[in-house]
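Novice: Predicted structure and sequence below. I'll ask about it afterward.
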Amino acid sequence: MARLVLFGPAREAAGASTGEFGGLSIDEVLREAVARYGSNFADVLSISQIWMNGEPSRGSVAVGPLDEIAVLPPISGG
Amino acid sequence: MARLVLFGPAREAAGASTGEFGGLSIDEVLREAVARYGSNFADVLSISQIWMNGEPSRGSVAVGPLDEIAVLPPISGG
Amino acid sequence: MEPSPSLDWVALSPSSLSADELTTWATRASCGAVVTFCGTVRHTSHEHDDIVALEYETGEEMAMGRLREVVAEARTRWPRLGAVAIHHRTGRVELRETAVVVAVSSPHRHEAFEAAQFCIDAVKDCVPMWKRELWEGGSAWSQDGRDILNVAEVPEVASVTGVNGAHDT
Amino acid sequence: MEPSPSLDWVALSPSSLSADELTTWATRASCGAVVTFCGTVRHTSHEHDDIVALEYETGEEMAMGRLREVVAEARTRWPRLGAVAIHHRTGRVELRETAVVVAVSSPHRHEAFEAAQFCIDAVKDCVPMWKRELWEGGSAWSQDGRDILNVAEVPEVASVTGVNGAHDT
């Protein structure tokens, strides 16, 4: 069970700030998340970056139960 | 009698911060000032700008009794 | 907040930021220049002209990691910097309040200007942070979102070639 | 000193300058950026590394006239500036104290950086002001004197072309 963490517009679109998913790669986890959270979330996800354990990552990377996957929509700090 | 005003290194070289001179042009006033204040002042004068009444000016300009001529050595503000 | 004893000081804060505290902290006997940038809440955004507050959301660990990277990159690009501080608010920030402060000191002024500008550019381009705009009767996520860059990708401002005096304070 | 009720504030002061006061004064609801520059007394000059104080001498009327010209020129070059302040100390200024403060606000940050840097460059190149360096046991006029320029002759820093975000705050 990898942990998904959602921020800003992604959190709002999902209606949740975290979720647990059983997928074995980042792509699998995100597919499950879209199934659970719906099309608004899918829209935000399509323009978001994905980080794993605090660093930029990519869809094919394998995930284990201790991994944290973050969905980062376009940023607007400062 | 035009009034001469000396700043920073020019004031120090002349040993005076102001002086009255009878010259009828800026150049004449400055010649009299060199005669009165000596060669250290002449050295500073040679690298200084001359302003009259708060604005940059030049040697040939005529001066009257209400005019103030300023000797401005290279600046070092800020 | 306890001032940093080192030459770097990054922080996220849910309460008021003090530009004065950072400026004073950054002032060093070896440095002739301190440049301080405050990003303040203004009433106009791309979409609205009656903003009353902003609300910032972040992932604290990710953001702190990125802030540290920004300072490290600034030191790589401008090795003679003195002190470097970046503080960013979280949560609700009212109109005219300061959302982010950068303070940079250096022996000479041009590197302090360049590094301070780099730091705030990099905060905006690299630090995971999301802004909600609040106006009378409504709110929405900011529409000026940017793709997240790596810190090394942030361009720096062009260096100056002054007529004279470019290398003093 | 009484804060200026207008958007411009220039001053010469024989007592401590407050960067905080100028930064707060420059913060406006229409501006998202305030850039503050402090020129502080450092222990090193071209000639010495044990400076304990500086002493500034000026011609008050000429200097105030030039400071006003610097602000006017900044507004010509960056028409969207908010508030612009330049304060310069006169007399003796101790190590680490602030000899000059510039504070500039604007809707977006890059023009505030550019204008603040122009203002301090122009102060150094155009304002009649002479600095004596004081160290333990001696003093001398600063050796980094510059020929006085007209304000219009002061070059500006190159504009930035950021990867993105160059036109927000």
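Specialist: Looks like it came in fine.
Novice: How many neighbouring residues does residue C:29 have?
Specialist: By other Cβ atoms under 10 Å in any protein chain shown, 15 other residues sit near residue C:29. For the C-beta atoms, the positions are set from N, CA and C on the backbone; glycine is no exception.
Novice: What of residue C:24?
Specialist: Using other Cβ under 10 Å, residue C:24 has 17 neighbouring residues.
Novice: That one sits in which helix or strand?
Specialist: Element membership of residue C:24 [criterion: DSSP states H and E] is helix C:19-26.
Novice: Just the pLDDT for residue C:160.
Specialist: Confidence at residue C:160, expressed as pLDDT, is 46.
Novice: cool, and residue C:2?
Specialist: 87.
Novice: Looks to me like it is in a helix.
Specialist: No: according to DSSP: H, G, I helix; E, B strand; the rest coil, residue C:2 belongs to no helix; its state is coil.
Novice: gap between residue C:124 and residue C:151?
Specialist: When distance is defined by Cβ to Cβ, to the nearest Å, residue C:124 is 12 Å away from residue C:151.
Novice: Show me which of the two is the more surrounded one.
Specialist: Between residue C:124 and residue C:151, counting by other Cβ under 10 Å, residue C:124 is the more crowded of the two (26 against 21).
Novice: The more buried one against residue A:78, yeah?
Specialist: Yes: contact criterion Cβ atoms under 8 Å: residue C:124 and residue A:78 qualify, at 4.0 Å.
Novice: Chain C: helices as residue ranges?
Specialist: For chain C, the helices defined by DSSP state H cover C:19-26, C:60-77, C:109-126.
Novice: mind listing the strands for chain A?
Specialist: Under the criterion DSSP state E, chain A contains strands at A:2-6, A:18-21, A:49-52, A:55-56, A:68-72.
Novice: Restricting to C-alpha, output the third one in CSV.
Specialist: Written as CSV, here are the backbone C-alpha positions of strand A:49-52 (Å, rounded to 0.1, in the frame of the first residue of the first chain):
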residue,chain,number,x,y,z
GLN,A,49,4.2,16.7,-11.5
ILE,A,50,4.7,13.5,-9.6
TRP,A,51,7.4,13.3,-6.9
MET,A,52,8.2,10.2,-4.8
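Novice: which parts of chain A sit against chain D?
Specialist: Counting by Cβ under 8 Å from any Cβ of the partner chain, chain A comes close to chain D at residue A:78.
Novice: By mean pLDDT, flag the weakest helix or strand of chain A.
Specialist: Least confident helix or strand of chain A, by mean pLDDT, DSSP states H and E, is strand A:55-56 with a mean of 94.
Novice: Give me the contact list for that strand.
Specialist: Identification of contacts with strand A:55-56 by Cβ atoms under 8 Å, 6 or more residues apart in numbering or on different chains yields A:49, A:50, C:148, C:150.
Novice: again, only using 7 Å
Specialist: residue A:49 (Cβ atoms under 7 Å, 6 or more residues apart in numbering or on different chains).
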